[in-house]
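S.K.: starting from these lines, generate the structure:
(chains A, B, C and D)
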Protein chains: 4
Amino acid sequence: MTSKAKPIKKVVLAYSGGLDTSIILKWLHQTYGAEVVTFTADLGQGGEIEPAREKALMLGIKPENIYIEDLREEFVRDYVFPMFRANALYEGVYLLGTSIARPLIAKKQIDIARAVGADAVSHGSTGKGNDQVRYELSYYALEPGIKIIAPWRDWEFKSREDLIAFAEKNQIPIAKDKRGEAPFSVDANLLHSSSEGKVLEDPAVEPPPYVYQRTISPEEAPDKPTVITVGFKKGDAVSVNGNPLSPANLLATLNDYGRDNGIGRLDLVENRYVGMKSRGVYETPGGTILLAAHRAMESITLDRGAMHLKDELMPRYAELIYYGFWFSPEREMLQAAIDKSQEHVEGEVRLKLYKGNATVIGRESPKSLYSSTLVTFEDDKGAYDQKDAAGFIKLNALRLRTLGLRDRKS
Amino acid sequence: MTSKAKPIKKVVLAYSGGLDTSIILKWLHQTYGAEVVTFTADLGQGGEIEPAREKALMLGIKPENIYIEDLREEFVRDYVFPMFRANALYEGVYLLGTSIARPLIAKKQIDIARAVGADAVSHGSTGKGNDQVRYELSYYALEPGIKIIAPWRDWEFKSREDLIAFAEKNQIPIAKDKRGEAPFSVDANLLHSSSEGKVLEDPAVEPPPYVYQRTISPEEAPDKPTVITVGFKKGDAVSVNGNPLSPANLLATLNDYGRDNGIGRLDLVENRYVGMKSRGVYETPGGTILLAAHRAMESITLDRGAMHLKDELMPRYAELIYYGFWFSPEREMLQAAIDKSQEHVEGEVRLKLYKGNATVIGRESPKSLYSSTLVTFEDDKGAYDQKDAAGFIKLNALRLRTLGLRDRKS
Amino acid sequence: MTSKAKPIKKVVLAYSGGLDTSIILKWLHQTYGAEVVTFTADLGQGGEIEPAREKALMLGIKPENIYIEDLREEFVRDYVFPMFRANALYEGVYLLGTSIARPLIAKKQIDIARAVGADAVSHGSTGKGNDQVRYELSYYALEPGIKIIAPWRDWEFKSREDLIAFAEKNQIPIAKDKRGEAPFSVDANLLHSSSEGKVLEDPAVEPPPYVYQRTISPEEAPDKPTVITVGFKKGDAVSVNGNPLSPANLLATLNDYGRDNGIGRLDLVENRYVGMKSRGVYETPGGTILLAAHRAMESITLDRGAMHLKDELMPRYAELIYYGFWFSPEREMLQAAIDKSQEHVEGEVRLKLYKGNATVIGRESPKSLYSSTLVTFEDDKGAYDQKDAAGFIKLNALRLRTLGLRDRKS
Amino acid sequence: MTSKAKPIKKVVLAYSGGLDTSIILKWLHQTYGAEVVTFTADLGQGGEIEPAREKALMLGIKPENIYIEDLREEFVRDYVFPMFRANALYEGVYLLGTSIARPLIAKKQIDIARAVGADAVSHGSTGKGNDQVRYELSYYALEPGIKIIAPWRDWEFKSREDLIAFAEKNQIPIAKDKRGEAPFSVDANLLHSSSEGKVLEDPAVEPPPYVYQRTISPEEAPDKPTVITVGFKKGDAVSVNGNPLSPANLLATLNDYGRDNGIGRLDLVENRYVGMKSRGVYETPGGTILLAAHRAMESITLDRGAMHLKDELMPRYAELIYYGFWFSPEREMLQAAIDKSQEHVEGEVRLKLYKGNATVIGRESPKSLYSSTLVTFEDDKGAYDQKDAAGFIKLNALRLRTLGLRDRKS
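M.R.: Residues are numbered from 1 along each chain as shown, chains lettered A, B, ... in the order given. Have a look, this model is predicted:
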């Protein structure tokens, strides 16, 4: 399956329009003599994506080789929401905002590669990170014979200066603030923003305030709580405050609420799939609210057996997404199990948002499994016979008693 | 192993000194003609425990049959801390404050039963809850032949009025506010307070403010953050702000910090082991800080393989504790695995406490596995060869590519 | 939900036609004054089921209240085969032959109860075994308000003599060999026969040869091996030696092959759900062959990620079936995951059957993931670049090296 | 951590004395100008190891650089037995005979490298297999800075002819039958022999009889069964037929029994860690008996909770060993859990060995948890109250009934 040294004819590049991927664009062309097809996606990272078209044209890309697509709805509907059905958290706390976007971008690149007859794809991720793995595992899973070019692993540039020199030599416009190295590296989409590197490299030091990009701090947030209601159907959020919203609009709405109330910041040292620990600062305002709401919705609509099984499967599921195995049979198996559990996860959850907190204060559902008749301290009219508990305990204890007897003998 | 209907000679009662267990005390004596031994433990529930002695004497218990013990250090050292090594959360969010106290009380009752030659033990938990299971599984595991009396499951009383009438008839003093039914039921120890029942029975309705007992609300908390440092050794917290503290004192100190900053409230619908859903309101101020700190300490000192395995085992471990299986071989097996991982979990974590938030802002360790040399965006002097990533990805992708080829054929 | 002491009007009894369930039939009628509806199923236990009709009529059951059904195809198609997709083994070795039949019988009883307007169901399992749990959990899951009568737990009979006396008094015919107690207890269906109790109660003693009912011993089996081919489609066996067969016919065919070659005996001490250990002797001739064949079919058609996930989920899945939770959300979730993996499990497996051994000697599939090009020691024409392994190992080792460096320092 | 291109001064080679590692020996010397230290271990692969000394001397190795060690006892005691405590099977059937030997060889090479001041280690495994991973992960875990030379991945030879030419040029003696390529490749140690490649590459074709090396076929085995007894202490086998034996002698004894009775052959398509499927033929005569015996010993001495947890952890544990992560924190965590469970796994198991079958026919233990009093069909004198089962079932069913009620409404 190797394809080394084979000539590349046409390559689909995940192109942001920024300096780095512009350099890659030129470098691909020069190194391989390949026709470059650019793909620029709107995943809700903020900012316009149309300027990428001008930029690509200016760098010599043929108009028909420029692909620009708004993927926000598909991203939230087919990637973010399925993941939230699982209450996925990597290493107990991280909402996987970067991880979940990569498979979709990769899928679109492969779709385009097929459409234009390209034999290769390329991305702008470095050789130290997780994203290269997520992109490339997805490419390979979807198109086993595709050639992959990862310039950061291959090229001869050794420093920022080398890159700038190459850019200048190739008439790639350089924004003033891009001459020097950025104080940290950023990724963003509708689910989150992440920051890492440079000023964040010492995990003993608190992130400087300017790192945060899409949330205000809890301290800056209003002194009055905001109460919202999130509605669910089949495990997915479908409305906010009673207003039905499309997946992307819903997440955007929760993002606004989160940002305004200082919700969703995370400062984390995590374990990368490539083997080292790294420190990241994440902002997931809407996702943080959504996780709390979804768990609360499940708390009254999901059976205990289903919930506990989900909780046990979740760390593996989250690991698979973080490692880049979205398009793998085992992720799909886990998804099938998780989706099976969500049919009746439906109703409304009320949350109080206040200075960094997203606190559940009420849940209601036409499919509720909560029975005040069963649980009440008052007369339950025979719904539950307390004497049953004696037998329940006796049989659960039987093996422990047998064990206790044995262990006393020895 | 059944022992029904056998006469009871001496019974060790978990006795709080309150109205309900006083009624049980009398009822046991009258129903079984048994000598009653009272056991009252200080687990940090707040309030004095010595008054229980007077009360017991007054109810006719012989002085030598009154056991009162301060278990705070043992509770935190041998139960709370081992559990926190696992980052245990039941159903994703609950810190198990009630569950973890029951095995210790049960163990002490059995110790006393052996010391005084009692043939039975008794507790004041109802037949609808989890605590009866936790007590009785522990009793049976530790003393397989013990007889267990669970008055709430067995007695003839049908209402609060019946109980009050019995109390009056037996000269049991009744505090004025205990005549009617409490608006909710409470459990407390050094780790947490819980409230449930009555006014909390509708999960759609926000808990009334008077339910909260050991935390102020985030809204009431100071407008200035408080920064603290928690030190760890072998996975257990050992100091706050550089001051070494015993386990109980440490948890009490974190409780103070938590309470003052509105940290640790939880409003939850959970699944009981006896089969129904119930709604609880929990306050775990110090524990909430401790969990955040412990995870952060692990984030730089624990290997990825160990951490991910811990995360996968955790839901089961938490379930075992919640269900009452502390004294079971499987809990001990999981504990052995967890403890094995904690040897190097050592160092200091800095947290910012602010209006409900316990935010990690720094971690340092002499045993750190975080390597800025490896992770840096700058020149890493060959610590990591980016080209290795290509082979890493290629072999991880091989099975997915084979699969992709197969699936395209079909 | 309790319904104790409520009068019973009509009860659907799982009726074998044998002495014990005939006694139950009469006892139900006399104890509750209830109209009894009998349900007799052919699950391939061997022997005719029509005689049960005569017997029931003779015992006074109205013709319209006698239900007799051949469930063999449904049993294998909807219960046995889904379970075999999971390669389910309880406690590492047991093929769950009894466990898997109970939910189907229970489901049919509930179907009939609805059809005839019965308010109760009844079964002939004792209070010490697993089957009572399997029946009753299934009844309750499918019809939450149903009343359940478990005569063995409730009636006044204390000995075999009592039962015989009751039978005689009620003109229940007693086969000569049923007067005394059977030397062991038997359950059978198309998947297996089990024997337990009495002569088998000492696990140190080898089962006497007469215990075995549907297999000859390896010693008695032919000296020549028999080679067969089992064909699969979507994870289910569909043919033997190239002949397409319905599920029940296929299993019956494999049973014949297994029996004739001494395959499928198991002598086991297992852990019951009700808390004690018991010793069972099982004969699962066709199932033993089927498991070997299915695993072999998966070995070339299932991706590693899917297979390993299946293997990790299997013990839980098997436990759920053994404990009686077939009709539970968590079993259905696991089934969804397992079924998801089986789409391409298709092809043929060749096995050699010889004196107790079912040995795989060949597997072929149009969906094979086995690539001799990849694996060959010979020139692979660049299908696999051995140098990729260096990077693969380096990155997998990175965390271990970091750990090694840390641990040497300490 | 990379060390590419750095000069090598001294290298410790895992040296078998055979043609391939002799070629590596010379190649290392010529390619790196490095001093070569040979390490030859007796792991029970069969044949003498002393001839390796002569061979090494003849190839120019200094006497003090030749290390030869009998590791049989250490191998079985510290690697094989701990693994058998887990009942480890890879992909449901494989006893991991090759996998478990690699970490020990790697550990010894590192020990020697430290003793002689070597800066590199080398092995003779190819770039397509699992063994390179197992060796190198172990090397790196134990000595993070070590340099590793894997000649098969690096050298210029392209064919068998190239190797033979190099050997001839370097006066490496070539046994006549080594001129051509072997019809398959072999690995052996006290636990097993494996064969793969060439004549075995088509998984549809039955292995030719000459592939088998350490077992006779079931057909050739005696017509009379052999009955043996295996004794256990703390989960490890300690005696056969009442005779105490050291670990290696015990395994050798079971190997003899297995070989003579045609036990332990396995023909398998498995998933390699490097990503492809491969077909292997394994012979694990003693190990197959040992697994059956160990499970049987556990069946009466291990609590259900411990056993089921072990079964759930096992696939992961086996995967870790197969993948080469013996020296990893997660394997050690699992080992701690497993070992914790084995304290009382003690007693004797009787097995009947007959033509490929190792059938358990009896188990006895002073620590038995099996209670015929509890399980009996006869009068149990009140050991178990069947009425307890009603409550047990009622509470286990409660959530399912609640669910059933909900689902009927919708």
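S.K.: hey, where'd the strands end up in the stretch 201-350 of chain A?
M.R.: In the stretch 201-350 of chain A, the segments counted as strands under DSSP state E, counting those that start in this stretch are A:226-233, A:236-240, A:243-244, A:265-271, A:277-283, A:347-354.
S.K.: would TSV of those strands with distance to A:Leu302 be doable?
M.R.: Just so you know, the C-beta spots here come from the backbone N, C-alpha and C atoms, and that holds for glycine as well. Output for those, formatted as TSV (distance: least, Cβ to Cβ, whole Å):
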stretch	distance to A:Leu302
strand A:226-233	11
strand A:236-240	14
strand A:243-244	23
strand A:265-271	26
strand A:277-283	27
strand A:347-354	11
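S.K.: just put those strands in TSV and tack on mean pLDDT and distance to C:Ile105.
M.R.: Formatted as TSV, these follow (pLDDT from 0 to 100; distance: least, Cβ to Cβ, whole Å):
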stretch	mean pLDDT	distance to C:Ile105
strand A:226-233	98	36
strand A:236-240	98	38
strand A:243-244	98	46
strand A:265-271	98	50
strand A:277-283	97	53
strand A:347-354	98	36
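S.K.: right, and the ones you listed - which one's nearest chain B?
M.R.: Among the strands of the stretch 201-350 of chain A, strand A:265-271 comes nearest to chain B, with 3.6 Å by Cβ to the nearest Cβ.
S.K.: ok, back up a step: dump the strands of the stretch 201-350 of chain A to JSON lines, plus mean neighbour count and distance to D:Glu73.
M.R.: Putting those into JSON lines (neighbours: other Cβ atoms under 10 Å in any protein chain shown; distance: least, Cβ to Cβ, whole Å) gives the following:
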{"stretch": "strand A:226-233", "mean neighbour count": "19", "distance to D:Glu73": "62"}
{"stretch": "strand A:236-240", "mean neighbour count": "20", "distance to D:Glu73": "60"}
{"stretch": "strand A:243-244", "mean neighbour count": "12", "distance to D:Glu73": "72"}
{"stretch": "strand A:265-271", "mean neighbour count": "22", "distance to D:Glu73": "38"}
{"stretch": "strand A:277-283", "mean neighbour count": "24", "distance to D:Glu73": "39"}
{"stretch": "strand A:347-354", "mean neighbour count": "23", "distance to D:Glu73": "62"}
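S.K.: what's the first-to-last distance across stretch A:296-305?
M.R.: One end of stretch A:296-305 sits 16 Å from the other (Cα to Cα, to the nearest Å).
S.K.: beyond the helix or strand of chain A with the lowest mean pLDDT, next helix or strand please.
M.R.: Every helix and strand of chain A was ranked by mean pLDDT, DSSP states H and E. The lowest is helix A:372-375, at a mean of 81. Downstream of helix A:372-375, the first helix or strand assigned by DSSP states H and E is helix A:388-409.
S.K.: quick one, helices of the stretch 201-350 of chain A?
M.R.: A:247-260, A:285-301, A:304-323, A:329-341 (DSSP state H, counting those that start in this stretch).
S.K.: give me the number of residues near A:Lys178?
M.R.: 16 (other Cβ atoms under 10 Å in any protein chain shown).
S.K.: hmm, it is touching A:Leu19, no?
M.R.: Yes: using Cβ atoms under 8 Å, A:Lys178 is in contact with A:Leu19, at 4.8 Å.
S.K.: one step back: out of the strands of the stretch 201-350 of chain A, flag the one nearest C:Asp119.
M.R.: Closest to C:Asp119 of the strands of the stretch 201-350 of chain A, according to Cβ to Cβ: strand A:347-354, at 32.5 Å.
S.K.: hmm, the closest one touching chain B?
M.R.: Yes: between strand A:347-354 and chain B, judged by Cβ under 8 Å from any Cβ of the partner chain, the touching residues are A:350, A:352, A:354.
S.K.: tilt between that strand and strand A:236-240?
M.R.: Angle of strand A:347-354 versus strand A:236-240, following axes from the mean of the first three to the mean of the last three Cα atoms, to 10 degrees, is 70 degrees.
S.K.: is strand A:347-354 anywhere near chain D?
M.R.: No: Strand A:347-354 lies out of reach of chain D by Cβ under 8 Å from any Cβ, never closer than 12.0 Å.
S.K.: looks to me like A:Ile112 is in a helix.
M.R.: Yes: counting by DSSP: H, G, I helix; E, B strand; the rest coil, A:Ile112 falls inside a helix.
S.K.: is it true that it touches A:Ala118?
M.R.: Yes: shown here, A:Ile112 and A:Ala118 form a contact pair, counting by Cβ under 8 Å, at 7.1 Å.
S.K.: now do the domain split for chain A, please.
M.R.: A:10-80+A:96-182, A:186-364 (automatic domain parsing).
S.K.: with distance to C:Ile8 as extra columns, can I get those in TSV?
M.R.: What follows is the domains of chain A, written out as TSV (distance: least, Cβ to Cβ, whole Å):
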stretch	distance to C:Ile8
domain A:10-80+A:96-182	52
domain A:186-364	29
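S.K.: SS state for the residue of the stretch 51-200 of chain A found nearest chain B?
M.R.: For the stretch 51-200 of chain A, the residue positioned closest to chain B under Cβ to the nearest Cβ is A:Gly127, at a distance of 2.7 Å. Secondary structure, three-state DSSP: A:Gly127 is coil.
S.K.: how many neighbours does it have?
M.R.: 21.
S.K.: how near is it to D:Thr284?
M.R.: 42 Å (Cβ to Cβ, to the nearest Å).
S.K.: one more: A:Glu201?
M.R.: Distance from A:Glu201 to D:Thr284, by Cβ to Cβ: 50 Å.
S.K.: which of these two has more residues huddled nearby?
M.R.: A side-by-side neighbour count of A:Glu201 and D:Thr284, using other Cβ under 10 Å, places D:Thr284 first with 26 against 18.
S.K.: surely the more buried one touches D:Leu95?
M.R.: Yes: counting by Cβ under 8 Å, D:Thr284 touches D:Leu95, with 4.6 Å between them.
S.K.: and for these two, which residues touch both?
M.R.: D:191-192, D:266 (Cβ atoms under 8 Å, 6 or more residues apart in numbering or on different chains).
S.K.: my read is that A:Ile174 contacts A:Leu163, right?
M.R.: No: A:Ile174 lies out of contact with A:Leu163 (Cβ under 8 Å); the separation is 9.6 Å.
S.K.: how far does the least confident helix or strand of chain A sit from its chain's centre?
M.R.: 39 Å (Cα atoms, centre = their mean, to the nearest Å).
S.K.: check stretch A:387-402 too.
M.R.: Worked out by Cα atoms, centre = their mean, stretch A:387-402 lies 45 Å from the chain centre.
S.K.: ok, stretch A:258-267 next?
M.R.: Distance, centroid of stretch A:258-267 to centroid of chain: 16 Å (Cα atoms, centre = their mean).
S.K.: how long is that stretch end to end?
M.R.: OK, stretch A:258-267 end separation, Cα to Cα: 17 Å.
S.K.: now the least confident helix or strand of chain A - C-alpha only, CSV.
M.R.: C-alpha atoms of helix A:372-375 as CSV (Å, rounded to 0.1, in the frame of the first residue of the first chain):
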residue,chain,number,x,y,z
SER,A,372,-42.5,10.2,42.8
THR,A,373,-45.0,7.5,43.7
LEU,A,374,-42.2,5.0,44.0
VAL,A,375,-39.7,7.2,45.8
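S.K.: ok, and the closest non-adjacent residue to the residue in chain A that chain D sits nearest to?
M.R.: Residue of chain A nearest chain D, by Cβ to the nearest Cβ: A:Gly391 (2.5 Å). Closest residue in space to A:Gly391, ignoring its immediate chain neighbours: D:Gly391 at 2.5 Å, by Cβ to Cβ, 6 or more residues apart in numbering or on different chains.
S.K.: low pLDDT regions in chain A?
M.R.: A:1-6, A:377, A:410 (pLDDT under 70).
S.K.: flag every residue of it that's near chain C.
M.R.: A:1-2, A:4, A:271, A:274-276, A:302-303, A:305-306, A:308-310, A:316, A:325, A:328-330, A:332-334, A:336-341, A:374, A:382-385, A:388, A:395-399, A:402.
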